[in-house]
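Colleague: Have a look; sequence and predicted model below, questions after that.
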Amino acid sequence: MAKNESTIPPFANLITLPQFLLAGTFFSIDAFPSWLQPICKVLPLTHFNNAMRNIAFEGTNLIQCGKELGIM
């Protein structure tokens with residue numbers, strides 16, 4: 001798709017920026033409209049964020065985060 005190296009960063013931003021905004025990285029998914037929440041829950045970054053929060057703040061281990069890791 002990219003014709004040269006200088007066109008790669010915009011393509012990368014096109015993919016990563018919506019995921020950062022919709023995956024609960026900065027804002028809780030519960031704050032989004034109800035029609036947008038199922039879309040947010042499909043993103044792989046959502047499951048990564050949930051797993052990392054569980055490990056960091058709730059003291060779970062990788063085996064207990066198996067669902068999130070399996071989805072990723």
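Modeller: In hand now; what should we look at?
Colleague: Touching, N50 and K67? I think so.
Modeller: No - contact criterion CB atoms under 8 Å: N50 and K67 do not qualify, at 9.0 Å. Backbone N, C-alpha and C define where each C-beta goes, glycine included.
Colleague: Those two - which one has more neighbours?
Modeller: Higher neighbour count among N50 and K67: N50, with 18 against 11, using other CB atoms under 10 Å.
Colleague: contacting residues around the more buried one?
Modeller: 24, 65, 68 (CB atoms under 8 Å, 6 or more residues apart in numbering).
Colleague: Can you tell me the SS state at it?
Modeller: Recorded secondary structure, N50: helix (DSSP: H, G, I helix; E, B strand; the rest coil).
Colleague: one step back: would you turn the contacts of N50 into TSV with secondary structure?
Modeller: Output for the contacts of N50, formatted as TSV (three-state DSSP):
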residue	secondary structure
G24	coil
C65	coil
E68	helix
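Colleague: Tell me where the chain has helices.
Modeller: 8-22, 37-42, 44-58, 66-71 (DSSP state H).
Colleague: As TSV, the ones you listed with mean pLDDT would be great.
Modeller: Formatted as TSV, the helices of the chain follow (pLDDT from 0 to 100):
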stretch	mean pLDDT
helix 8-22	89
helix 37-42	92
helix 44-58	92
helix 66-71	87
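Colleague: Pick the most deeply packed of the ones you listed.
Modeller: Counting by mean count of other CB atoms under 10 Å, helix 44-58 has the highest mean neighbour count of these, with a mean of 15.
Colleague: Give me the angle between that one and helix 8-22.
Modeller: 50 degrees (axes from the mean of the first three to the mean of the last three CA atoms, to 10 degrees).
Colleague: Distance from the chain centre to helix 44-58, please.
Modeller: Chain-centre distance of helix 44-58: 9 Å, with CA atoms, centre = their mean, to the nearest Å.
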